[in-house]
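Colleague: Pasting the sequence and the predicted coordinates here, then a few questions.
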Amino acid sequence: MEEKKINLLGISGSIRNASYNTGLLRAAQEVLPSSMNLEIYSLAKIPLYNGDLESNPPNSVIEFKSKISESDALLFAITEYNYSVSGVLKNAIDWASRPVKNSPLNGKPFAMMGAGGALGTARAQYHFRQIAVFTNMHTFNKPEVLVTNAYEKFDSNGNLKDEPTKERIKLLLDTLAQWIKRFQ
């Protein structure tokens with residue numbers, strides 16, 4: 001009997017075409033264990049959060065929340081702006097976390113990685129862990145993937161060209177696959 005594959009939903013904190021963080025998710029698809037599937041979901045269609053629309057959200061929000069519900073776990077590529085999580089990602093999490101009693105984030109396991117400057121995305125990842133406490137997501141802690149000096153490790157199209165970073169992502173995914181089995 002074939003084992004059921006783990007379905008990951010990959011979410012980048014950037015909607016830029018040549019985003020390094022979206023590039024990390026594409027690299028993850030290349031080194032994905034055979035026990036996993038990874039769908040990359042773009043946050044470009046998610047409008048700004050409006051609490052007045054909580055009971056009747058836009059279709060793009062309904063679709064996003066459905067994708068989260070259908071996944072076994074989430075893989076975030078955390079973009080760092082101004083020492084914190086990008087507005088694009090925070091906005092999407094605000095939508096997905098409402099209403100709290102029906103949030104698809106509640107109890108959802110997740111891992112994160114990020115590409116940035118001298119510290120990678122260490123500060124944004126730390127802030128995202130704080131967001132995860134309120135949303136009751138389960139954080140996968142190690143190994144960490146903090147890609148420093150990303151401009152040296154990606155080509156002009158946002159594709160990862162650094163083999164040691166690909167190996168780190170592979171280690172993250174292999175370890176994540178074992179960890180997620182605890183939730184199933």
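Modeller: Yep, that arrived.
Colleague: tell me which element the spatially most central residue of the chain falls in.
Modeller: Nearest residue to the geometric centre of the chain (C-alpha atoms, centre = their mean): F76, 1.3 Å. Assigned by DSSP states H and E, F76 belongs to strand 73-77.
Colleague: how distant is that strand from the center of its chain?
Modeller: 3 Å (C-alpha atoms, centre = their mean, to the nearest Å).
Colleague: name the helices or strands packed onto it?
Modeller: strand 6-12, helix 20-30, strand 109-115, helix 163-180 (3 or more C-beta pairs under 8 Å, 6 or more residues apart in numbering; DSSP states H and E). All C-beta atoms are positioned from the backbone trio N, CA, C, and that covers glycine.
Colleague: Adjacent strands (with direction) for it?
Modeller: strand 6-12 (parallel), strand 109-115 (parallel) (DSSP bridges).
Colleague: any idea of the mean pLDDT for the first one?
Modeller: Model confidence over strand 6-12 averages 97 on the pLDDT scale.
Colleague: Please apply the same query to stretch 62-75.
Modeller: Rounded mean pLDDT across stretch 62-75 is 97.
Colleague: what sits up against that stretch?
Modeller: Stretch 62-75 is contacted from outside by 6-11, 25, 28, 38-39, 41, 43, 45-46, 57, 92, 95-96, 104-105, 108-113, 137, 140, 176, 180, 183-184, using C-beta atoms under 8 Å, 6 or more residues apart in numbering.
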